[in-house]
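> have a look; sequence and predicted model below, questions after that.
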Amino acid sequence: MEQMENLPEEEKDMVMQLPNSYFERGKEEGVKKGKQEGKQEIALELIARGMPIDQIAEITKLKIEDIEKLASE
């Protein structure tokens, strides 16, 4: 913290905002990952119910290749 005292005000503000920007970026990544995992869970359920892969892709917006991979696992 002592080193920050020597920084110009503009740079202090920038440094103080870094944790917030990383937090926001991490939160966005987590939401994005959560949505992807949710789509995969839905796709797996639809596969189990015998729905055609092209319809699953249309509903979930996942790539057909990704759904085929899920189906083979």
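Structure's in. What do you need?

> per-residue confidence at Arg49?
You'll see Arg49 listed with a pLDDT of 93.

> any idea which helix or strand carries the residue most central in space within the chain?
In the chain, the C-alpha closest to the average C-alpha coordinate belongs to Lys32, at a distance of 2.1 Å (Cα atoms, centre = their mean). Under the criterion of DSSP states H and E, Lys32 resides in helix 9-48.

> please compute how far that helix lies from its chain's middle.
In this view, helix 9-48 has its centroid 5 Å away from the chain centroid, taken as Cα atoms, centre = their mean, to the nearest Å.

> again with stretch 8-25
23 Å.

> heads up, I number from 52, so please use that
Got it, the first residue is 52 from now on, which makes the last one we talked about stretch 59-76.

> C-alpha coordinates for that stretch, PDB please?
In PDB, the C-alpha atoms belonging to stretch 59-76 read as follows (Å, rounded to 0.1, in the frame of the first residue of the first chain):
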ATOM      1  CA  PRO A  59      -0.600   9.800  -9.200                       C
ATOM      2  CA  GLU A  60      -4.300  10.000  -8.400                       C
ATOM      3  CA  GLU A  61      -5.400   8.700 -11.800                       C
ATOM      4  CA  GLU A  62      -3.200   5.600 -11.500                       C
ATOM      5  CA  LYS A  63      -4.400   5.000  -7.900                       C
ATOM      6  CA  ASP A  64      -8.000   5.000  -9.200                       C
ATOM      7  CA  MET A  65      -7.100   2.600 -11.900                       C
ATOM      8  CA  VAL A  66      -5.400   0.200  -9.600                       C
ATOM      9  CA  MET A  67      -8.300   0.300  -7.100                       C
ATOM     10  CA  GLN A  68     -10.700  -0.600  -9.900                       C
ATOM     11  CA  LEU A  69      -8.700  -3.700 -10.900                       C
ATOM     12  CA  PRO A  70     -10.300  -6.100  -8.400                       C
ATOM     13  CA  ASN A  71     -13.800  -5.000  -9.400                       C
ATOM     14  CA  SER A  72     -13.000  -5.500 -13.100                       C
ATOM     15  CA  TYR A  73     -11.600  -9.000 -12.500                       C
ATOM     16  CA  PHE A  74     -14.600  -9.800 -10.300                       C
ATOM     17  CA  GLU A  75     -17.000  -8.700 -13.000                       C
ATOM     18  CA  ARG A  76     -15.100 -10.700 -15.700                       C
END
